[in-house]
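**Q** Sequence and predicted structure are below.
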Amino acid sequence: MSRLVPAASLDDWGWLKAGIVSGELLVPGDHARSWVFDTIKADRDGPTTHRLLALANDGRVPVRRTVFELLAELYWLHPGGWPLMADAAESALRDEDLPLRRTAAALLVRTGSTDRAVAALTASSDPVVRIALMHAISWRPAPDHRAMLDRLRSDPEPAIRLLAGIATYSSDDPSAWPALDAAILADLEASADAGELWARALTGVDREQDCCGWAERLTDPAERQPRRLDGVQMAVAAMRAWRAAPSRLASMLTGLLGEEPSEVRSAALRAVASSLTASRLGADGLAAMMDDPEAGAMAAAALGCVGDHRAVPHLVRLMLADSHEPRLVEAFRAVARAAADPEAPVAAARQMLAAVPDSCAPELPMRVLAAFGPAAAAAVPELIARLEGAENDTPDLAFCVLGQIGPAAAAAVPQLREYRTRGAMSALFRIAPHRAEAERYLAERPEELRRDRLASQLLTWLAEHGGLTVRQHRQLRSLFRVPGFEQVESAGALWLHEGPAVADELLAVLPTYLSDDLHGPKVLQVFAAMGSHARPVLDRLDRFIAARRRAGFNIGDEDTEMRADEMLLAATITARERIAG
């Protein structure tokens, strides 16, 4: 909706109805949608909410669906109890439309009390509604809920029995687990995501061996396909929860890659690819799949992400085909770190850059060149063309790549000097570092620095090449007082300049970042550089290394979080070895 939303009045709501009918109110960034969100955030039960709820009774199914999808998104503005919304959701449990009833059931659980949702579950005879409520309710270990779950375990609907059994698991009563396992196994095919749900229940009571055991048993070729898919789901859940699971399950999952194409094989490939450990152990199986027209892209990316050189030709083909494989850049970075031959990737990147106008900067080839750094020096002419052809914005990616190439990009210096941005200055310094230029930049900056990545880079270089002046040392100290990136980035320079005298201070501040997937690896590098002076942190590193369960990150994607834990674990082991000597 391009026109501005009029001031809300009870006599002029045509724009709201039009946005619902067209579906535009579900489109992020739509002006009317933003207005609705802002208005309801300020007054949750105001006129806008009432008008939306009135449209929830529209005679057209698509309109009602859109309203409830929007209400499900609006809930997050006021999480917790929202009686007006709960009333609408409970009324919609009887709607003729099945998807709408599912949405309404989830909304009732979110906006009403648990007791109200349980009452609706008890009163309903609609399997769709009852299953949706069972999925959404967070069953607490309260006596009344336990009694309810015990009744539901004898429900005539298999999916209800299954979900009730899964919700019944409790670490307080291990003696009940075998009976629950048997009951869930009997009804396993009643729900498409039963394997994942069962595995999450086993994860909740820390039954690692049992979860892995069920995954292996259910994926047996003698089992029906639905059960085999459940087994793969359980394997994925186990790998996400426990560090040892990929090593135990990789052989089983890799064995599935050799089967004929099927949903099971596809699920197994996704499982192997999700874990760096499983990908390393299943590397031969992944390599055998790289020519597969449907599965090859994922297999090549997974193999590349563990630095296996066999993936490089396939990654180059994907790159030239403008593949949308989400981990393609990650794979190129990994093979570059593993010293793969850069010739073909760099040539492909140059070809892609030559095929587009100089003012464009395609991200994929630029990221690939940055990954290979000095080995991408052959692409300097194409990168200079990016600088000369830039129109309305600064070619930040070109700056980054030239900086990564370093001294071999000396031919670009005249063009870089035409830009006065920090990105260009950083690239210049990486290509032709001069102490005088670094000191000049720092002299122009205030003594009390807050956010300045270039200053941090320059101070680190100066600390490595002759040391810092008194003023520069104060600038470095000011950066170390800023929590986050600046503190972590300046720590290494502080150690270089002050040495053992600053060890206690670093040991007091930096361990807070060890469980951070972004800053942890950098902190570990600082501790490794400190060597024996970092020994007081060994106990903490040992606890992290010895942990059976994954570290918790807030990245938003469970597989990405698993790989972050795998990488941080490897970095921690390496740092520990250097510290211990």
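**A** Thanks, I have the structure now.
**Q** Phi, psi for Arg549 please.
**A** Per-residue torsions, Arg549: phi -100, psi 160 (degrees, to the nearest 10).
**Q** which residues does it contact?
**A** 206, 241-243 (CB atoms under 8 Å, 6 or more residues apart in numbering). Using the backbone N, CA and C atoms, a C-beta is placed for each residue, glycine as well.
**Q** switch the cut-off to 10 Å
**A** For Arg549, the contacting residues are 203, 206, 208, 240-244, 565, by CB atoms under 10 Å, 6 or more residues apart in numbering.
**Q** Of these, grab the buried ones for ChimeraX.
**A** In ChimeraX syntax, the buried subset of those is picked out as below (16 or more other CB atoms under 10 Å):
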select :203,208,240,241,242,243,565
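**Q** Please report how far Ser532 lies from Ile573.
**A** In this view, Ser532 and Ile573 are 18 Å apart by CB to CB, to the nearest Å.
**Q** Could you pick out the longest helix of this protein?
**A** helix 558-580 (DSSP state H).
**Q** buried residues in that one?
**A** 558-566, 568-569, 571-572, 575-576, 578-579.
**Q** now do stretch 465-475
**A** Neighbour-count burial for stretch 465-475 flags 468, 472-473, 475 (criterion: 16+ other CB under 10 Å).
**Q** now do stretch 419-437
**A** Buried residues in stretch 419-437, defined by neighbour count with 16+ other CB under 10 Å: 419, 423-431.
**Q** Which ones among these lie within helices?
**A** When DSSP H is applied, those are split such that 423-431 fall in helices.
**Q** out of those, which one sits closest to Ala411?
**A** For these, the minimum distance to Ala411 (CB to CB) is 9.4 Å, reached by Ile431.
**Q** Under the pLDDT cut-off, which ranges of the chain? List them.
**A** The chain contains residues with pLDDT under 70 at 1-11, 141-142, 358-361, 390-394.
**Q** can I assume Pro374 is in contact with Ile405?
**A** Yes - with contact defined as CB atoms under 10 Å, Pro374 counts as touching Ile405 (5.7 Å).
**Q** that older thread, how about the contacts of Arg549, which pair is most distant?
**A** That would be Asp206 and Asp565, which, of these, are the farthest apart (CB to CB) at 16.7 Å.
**Q** any idea how far the helix or strand that contains Leu253 is from the chain center?
**A** Following DSSP states H and E, one finds Leu253 within helix 245-257. In this view, helix 245-257 has its centroid 23 Å away from the chain centroid, taken as CA atoms, centre = their mean, to the nearest Å.
**Q** Counting by contacts, list what the helix or strand just after it packs against.
**A** Next in sequence after helix 245-257, counting helices and strands by DSSP H and E, comes helix 263-274. With contacts defined as 3 or more CB pairs under 10 Å, 6 or more residues apart in numbering; DSSP states H and E, helix 263-274 has these neighbours: helix 225-241, helix 245-257, helix 276-281, helix 283-289, helix 296-305, helix 558-580.
**Q** How about the helix or strand hosting Val316, which residues are buried there?
**A** Per DSSP H and E, Val316 falls inside helix 312-320. For helix 312-320, the neighbour count (16+ other CB under 10 Å) marks 312, 314-320 as buried.
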